[in-house]
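K.L.:
Sequence and predicted structure, then a few things I'm wondering about:
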Amino acid sequence: MNQEIQRRQFLQISAGGTAMALGAANLMAAQCCAQPTTRLISPGCRRTKVKVARIYVAGPRTDWPRPGLDLAAEVRSYQPVFDELKDELKDVEFTVDRLITSPKEAEAIQEELKKADGVLVIQLGITIHNILVKILEAGKPTVAFAIPYSGHDWASWGWLTKQPIGAHFDAILTSDRKQLAAAIRPIRAIHHLREAKILDVTERLPVEFAKQMKEKFGTEIKQVGLKDVEAAYNAVDEAQARAETDRWIQEATKIVEPSKENIYKSCRQALAFEKMLADEDATVLTVDCYGSMWDKTIRLPAYPCLGFSRLNNIGLGGICESDLQSAMTHIIYQGLAGKPGFISDPTIDDSNNSIILAHCMAAVKILGPEQQAFPYKLRTVHERQEGVTPQVRMPIGPKATQAKLVDAKLMVYFTGQVIDCPDCERGCRDKLTIRIDGDGEKLWRNWSNGLHRVTCYGDLHKDLERFCRLTKIQLVNEAV
């Protein structure tokens, strides 16, 4: 029984998704405190959509979940859910949409599967093991989705993930069909990493790490110099730079230390950063701002902090201190959650099992480029008492995830709840206090691989688990 899903229905869905993507991009351009000149398909990706093979699977037996199961009706039952998820999946193109009932049919579409970024397998009926194995032979990241009563095959999936053929396989077993979006998130993150290009403004590129990321994910890391920044800075239109300056000043709740001229320089450089990314077809920029780009002989036109915040606000990436590990983590967050990260230098407070995250750069749109802007003051960089950075009043109450991709084999993380956004003249300008899920003392005793971590709003630990599962990375919770 081989029934291909009606192509016209899926073409209509695809066209609607494209319209949604264009509408979201225009909305983002209209609402950001800084007007972008690029159009993003989704936060962090400006090239192509995520290509997912969506395969509905049932075995030859039709007596479970009930005799005489109408497979076409089962397939149709999922369409309202995908319609409801269209905003979250607006950057996804289902390049294969099939109902498969035998290993032979799965083998026939191997070449199509190999062209996809990943495969979503939706189980409809019993005895699909041999079909699933044939799908996994395509070697693509694959997530199976099974609601209760769809079959007993799940009993072997734990074993399958430990086999060589299941190295890029994971599953979600739930009655909540909205978790179909969660099944696609790690595939999106992998797609983003493969298409990502990071510009590193530095005199000392860590070549070995860049090589690792290229080999593991396909991510390109390119070294650029001071002259590239200066050329882009000088090319920025004066009127646009003044308008950008006025916008940041008008939308700030207070200007504390910086002069208008310093704000202008920072805003002009912020526009230069976006131009550099556009010229290179890149999505992330980082600067060795406390090292080779800020000594006595090499000095940027302005501190990069406001420019980083602006890039994060519009769905691109601005990363402090040439921290390529944090840059990669930021890209992963954008793929999993559509939100920027907050890089920090943490300090522990065991009195209430919390960690205080501090840095002189946060995104005004910390919940994502299409979400609300949070209040900010314009301040100097605290340690240097110069430059310009937004001190953002980030939201209190939500859960948050702090993580760092250490290398091609390891990611560390922990989760917690945001309980405060301190405003005090100690540490850096932007701060969050997070009550740790787990043991704060264990966290600092387990801490390794440098000071920086990247925080994203939301409990993303399940998303990180699936991403690491599909990419064969060890995920370690530092707080347990």
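P.N.:
The structure has been received and is ready for your questions.

K.L.:
Please parse this structure into its domains.
P.N.:
The chain is divided into the following domains under automatic domain parsing: 7-186, 196-477.

K.L.:
for the last one, what is the average pLDDT?
P.N.:
Computed over domain 196-477, the mean pLDDT rounds to 91.

K.L.:
what's the straight distance from one end of that domain to the other?
P.N.:
The first and last residues of domain 196-477 sit 26 Å apart, counting by C-alpha to C-alpha, to the nearest Å.

K.L.:
Sheet-wise, list the partners of the longest strand along the chain with their directions.
P.N.:
In the chain, with assignment by DSSP state E, the single longest strand is strand 410-420. Take DSSP bridges as the rule and strand 410-420 pairs in its sheet with strand 399-405 (antiparallel), strand 430-436 (antiparallel), strand 474-477 (parallel).

K.L.:
How about exporting that strand as PDB, limited to the C-alpha atoms?
P.N.:
Coordinates of each C-alpha in strand 410-420 appear next as PDB, following Å, rounded to 0.1, in the frame of the first residue of the first chain:
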ATOM      1  CA  LEU A 410      31.800  18.200  24.100                       C
ATOM      2  CA  MET A 411      29.100  20.700  25.200                       C
ATOM      3  CA  VAL A 412      28.600  21.800  28.800                       C
ATOM      4  CA  TYR A 413      25.400  23.300  30.200                       C
ATOM      5  CA  PHE A 414      23.000  23.900  33.100                       C
ATOM      6  CA  THR A 415      19.600  25.400  33.600                       C
ATOM      7  CA  GLY A 416      17.900  27.700  36.100                       C
ATOM      8  CA  GLN A 417      15.300  30.400  36.700                       C
ATOM      9  CA  VAL A 418      16.000  34.100  36.300                       C
ATOM     10  CA  ILE A 419      15.300  35.700  39.700                       C
ATOM     11  CA  ASP A 420      16.900  39.200  39.300                       C
END
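
K.L.:
and that strand, which residues are buried?
P.N.:
Buried positions in strand 410-420, judged by neighbour count with 16 or more other C-beta atoms under 10 Å: 411-418. To be clear about C-beta, it is placed using only N, CA and C from the backbone, and glycine gets the same treatment.

K.L.:
What of stretch 163-180?
P.N.:
166-172, 177, 179-180.

K.L.:
Keep only those of the residues you listed that are in strands.
P.N.:
Per DSSP E, the buried residues of stretch 163-180 map to strands at 169-172.

K.L.:
closest to His330 among those?
P.N.:
For those, the minimum distance to His330 (C-beta to C-beta) is 22.9 Å, reached by Asp170.

K.L.:
From Lys114, how far out is the closest one?
P.N.:
From Asp170 across to Lys114, the span is 19 Å (C-beta to C-beta, to the nearest Å).

K.L.:
now swap in Pro301 and tell me
P.N.:
Pro301 is 47 Å from Lys114, by C-beta to C-beta.
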